[in-house]
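Peer 1: Starting from these lines, generate the structure:
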Amino acid sequence: MSRSRRATLRRVGLLVLASNVALVLAKGTVWWYTGSLAVQSEAVNSLADSVYSVVTVGGLYLTTQPPDFEHPHGHERIEPFVSLFVALGVFAAGIGVLYQAGRTVLSGNVSVTRNLAAVAVLAGTVVVKYGLYRYVDAIGREHGSPALRATAADNRADVLTASAALAGVVGATLGFPLLDPIAAFVVAFGILYTGVEIVQDNVDYLVGRAPPEDLRKRIVRRALSHPDVEGAHDVIAHYVGPEIDVSLHIEVEGDRTLREAHDIETAVIQSIQALPEVDDVFVHVDPRELGEWKADDEVDRLVQPGDESNR
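Peer 2: Now for the predicted structure:
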């Protein structure tokens, strides 16, 4: 992992943490003075965001550590676990808000203090969270960081839930107090949905899901682009943490010297490893005379002509 990537991930984590703490203080203060349930639910949401932001910062510090003797491939595989912890925090916040809103509605004690401060803090939340979502999502995609993408997904949901809370407060201020707890319900379900999204995304990293077909095409085509490679089979690409490991057999003519076979193998490995998503590549060379060349329908499908942009 480059030093610039390490510094960038840590900087983004600290920025998200600072933003969430500031929002907790702002929302908590406004809720204290207005008693708005929607603002309270948003304050709880931001408090949960702050807690998982601390974990994210710690996780990003660990995952950006350089390789060592016990972790020769680095520490990037910690990131999906960090993301799942984020999901746990998101679920806890959603359940808490849902419980509080349900209890308030069932008690019949729905009261709202009309105050422009509630409108202002929620409108400010929408602006801040949208800016964080766009920035963190761009950095997460650029650097292939599951933890940052999980954080971006949470910020995206926060834009929607803060908007719902804002609508509830405005509606209550206009004389419809029931809109306030209804908005809190919307906030709760938005939070829970985000938690489900984060879990789905990161479980794939942990169970070794295959990468998208577009990337598999590029892997196979890079292997076959070498002039001495006649074919490929048994191509396996799967996630190990946020990175991809690849293994494949390449088919070459059997009259190559050992040094030539080694050079072909090395060139194929380097070509595939040049893809930013790929970590380790394992190549087995099959000479024609051993009878190990075989048809591979999946390889044939991936190299069908018509989309040369994937090379």
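Peer 1: Domain ranges for this structure, per the record?
Peer 2: Residue ranges for the domains of the chain, per automatic domain parsing: 3-206, 213-310.
Peer 1: ranking those by burial, who's on top?
Peer 2: Ranked by mean neighbour count under mean count of other C-beta atoms under 10 Å, the domains of the chain are led by domain 3-206, which reaches a mean of 20. Heads up, the C-betas are built off the backbone N, CA and C, glycines and all.
Peer 1: how close does the nearest residue to residue 197 once chain neighbours are set aside get to residue 21?
Peer 2: Sequence neighbours aside, residue 153 is the residue nearest to residue 197 in space, at 5.5 Å (criterion: C-beta to C-beta, 6 or more residues apart in numbering). Distance of residue 153 to residue 21, computed by C-beta to C-beta, to the nearest Å: 20 Å.
Peer 1: go on, residue 87?
Peer 2: With distances taken as C-beta to C-beta, residue 87 is found 21 Å from residue 21.
Peer 1: looking at this structure, which helix or strand is least sure?
Peer 2: Across the helices and strands of the chain, mean confidence by mean pLDDT, DSSP states H and E is lowest for helix 79-107: a mean of 76.
Peer 1: Does anything pack onto that helix? Which helices or strands?
Peer 2: helix 37-63, helix 146-173, helix 179-206 (3 or more C-beta pairs under 8 Å, 6 or more residues apart in numbering; DSSP states H and E).
Peer 1: Report all helices and strands that the helix or strand just after that helix contacts.
Peer 2: Following helix 79-107 in sequence order, the next helix or strand is helix 116-143 (DSSP states H and E). In terms of contacts (3+ C-beta pairs under 8 Å, 6+ apart), helix 116-143 is packed against helix 3-34, helix 37-63, helix 146-173.
Peer 1: Can you lay out those helices as a markdown table showing mean pLDDT and distance to residue 293?
Peer 2: A markdown table is the format used below for those (pLDDT from 0 to 100; distance: least, C-beta to C-beta, whole Å):
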| stretch | mean pLDDT | distance to residue 293 |
| --- | --- | --- |
| helix 3-34 | 86 | 40 |
| helix 37-63 | 79 | 41 |
| helix 146-173 | 80 | 38 |
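Peer 1: Any idea which of those gets closest to residue 181?
Peer 2: Proximity to residue 181 (C-beta to C-beta) singles out helix 37-63 among these, at 5.3 Å.
Peer 1: Quick one: residues contacting residue 26.
Peer 2: 121, 124 (C-beta atoms under 8 Å, 6 or more residues apart in numbering).
Peer 1: Please renumber the chain so that the first residue is 417 from this point on.
Peer 2: Renumbered: residue one is now 417, and that last one reads residue 442.
Peer 1: how far away is it from residue 609?
Peer 2: 25 Å.
Peer 1: before we move on, what about residue 635?
Peer 2: 33 Å.
Peer 1: cool, residue 719 as well?
Peer 2: 39 Å.
Peer 1: And for residue 630?
Peer 2: 27 Å.
Peer 1: give the contact list for the closest residue to residue 465 other than its chain neighbours.
Peer 2: The shortest distance from residue 465 to any non-neighbouring residue, by C-beta to C-beta, 6+ apart, is to residue 436 (4.2 Å). By C-beta under 8 Å, 6+ apart, the contact list for residue 436 reads 462, 465, 466, 469.
Peer 1: what about 10 Å?
Peer 2: 461-470, 544-545, 548, 567, 570-571, 574 (C-beta atoms under 10 Å, 6 or more residues apart in numbering).
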